[in-house]
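*Asks:* Quick one: sequence and predicted model below, then my questions.
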Amino acid sequence: MIRVLVVDDHPVLRAGLAQLLEQAEDVALVGVAANGAEGVELALHAHPDVVLMDLEMPGLDGIEATRRIKASRQEMQVVVLTSFSDRARILDALDAGAAGYLLKDAEPEELLRGIHTAAAGEAPLAPRAASELLAERREARPAIELTPREQEVLVMVAEGLSNKVIARRLEIREGTVKAHLTRIFERIGVSDRTQAALWAQRHHLRAPG
């Protein structure tokens, strides 16, 4: 049985969600909250497996409520349920610790499926939210062109490997690794290995192939 808490400031929607969840065979509604502060308090006392969290609420909003719940109960899965599908809100919610992002125009079956997905430790995402995340990922890719070998070297630097180990893995001379790094630093505009590693992580760099 999946224990679910609903947090939403709209009374009609709260009632509709409660009715839907109470009719589901394998879901138990453990509480409803009308704002973020009440939602945090109920989450800490009712111990739900999944929290359905609205974003726009008076006082404590859904982003901060999610952050507080995850800070206190990391095992709880918070699924945002909102009318907004803009990229900034999606990223803010996921950064705060939300496990998924669903829209209020979802069909009841999609909502229940999202609850099961979150309870299983996976990430339910509405198609529009997924599209925004993919767009964000594409735009975050580096515009700077690195050769395949330079990408390999930079990925290994981000993994914390020394020049000696990189040379051995790539079967090249250590001096060649140093030459690659000099060119890499110039191209991406950094001055040391730490900055280069952070650049690679921030741009989701992966070794070619």
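*Replies:* Received it, and whenever you're ready, just let me know what you need. Residues are numbered from 1 along each chain as shown.
*Asks:* What's the first helix or strand after the helix or strand of the chain with the lowest mean pLDDT?
*Replies:* For the chain, scoring each helix and strand by mean pLDDT, DSSP states H and E identifies helix 127-140 as the least confident one, at a mean of 67. Towards the C-terminus, the helix or strand next in line after helix 127-140, according to DSSP states H and E, is helix 148-158.
*Asks:* Show me what counts as buried in that following helix.
*Replies:* Along helix 148-158, the positions that meet the burial threshold by neighbour count (16 or more other Cβ atoms under 10 Å) are Glu150, Gln151, Glu152, Val153, Leu154, Val155, Met156, Val157, Ala158. (Each C-beta comes from the backbone N, C-alpha and C, glycine too.)
*Asks:* Pull the contacting residues for the residue nearest to the third one when sequence neighbours are not counted.
*Replies:* Excluding the flanking residues, the one nearest Glu152 by Cβ to Cβ, 6 or more residues apart in numbering is Ala207, at 5.1 Å. Ala207 sits next to Gln151, Glu152, Val155 when contact means Cβ atoms under 8 Å, 6 or more residues apart in numbering.
*Asks:* Of those residues, just say which sits nearest to Thr176.
*Replies:* Distance to Thr176, by Cβ to Cβ, is smallest for Glu152 among the contacts of Ala207, at 11.9 Å.
*Asks:* Need the contact partners of the helix or strand containing Leu52.
*Replies:* When elements are defined using DSSP H and E, Leu52 is found to belong to strand 50-53. Strand 50-53 is contacted from outside by 2-8, 17, 39, 43, 62, 65-66, 69, 76-81, 98, 115, 118-119, using Cβ under 8 Å, 6+ apart.
*Asks:* Okay, and which of the residues you listed map to strands?
*Replies:* Among the contacts of strand 50-53, the residues falling in strands (DSSP state E) are Ile2, Arg3, Val4, Leu5, Val6, Val7, Gln77, Val78, Val79, Val80, Leu81.
*Asks:* Straight-line length of stretch 22-39, end to end?
*Replies:* 19 Å (Cα to Cα, to the nearest Å).
*Asks:* next one: stretch 50-59
*Replies:* Start and end residues of stretch 50-59 are separated by 22 Å (Cα to Cα).
*Asks:* so Val190 touches Ala200, yeah?
*Replies:* No. With contact defined as Cβ atoms under 8 Å, Val190 does not count as touching Ala200 (9.9 Å).
*Asks:* In terms of neighbours, single out the busier of those two.
*Replies:* Regarding Val190 and Ala200, a neighbour count based on other Cβ atoms under 10 Å identifies Ala200 as having more, with 23 against 16.
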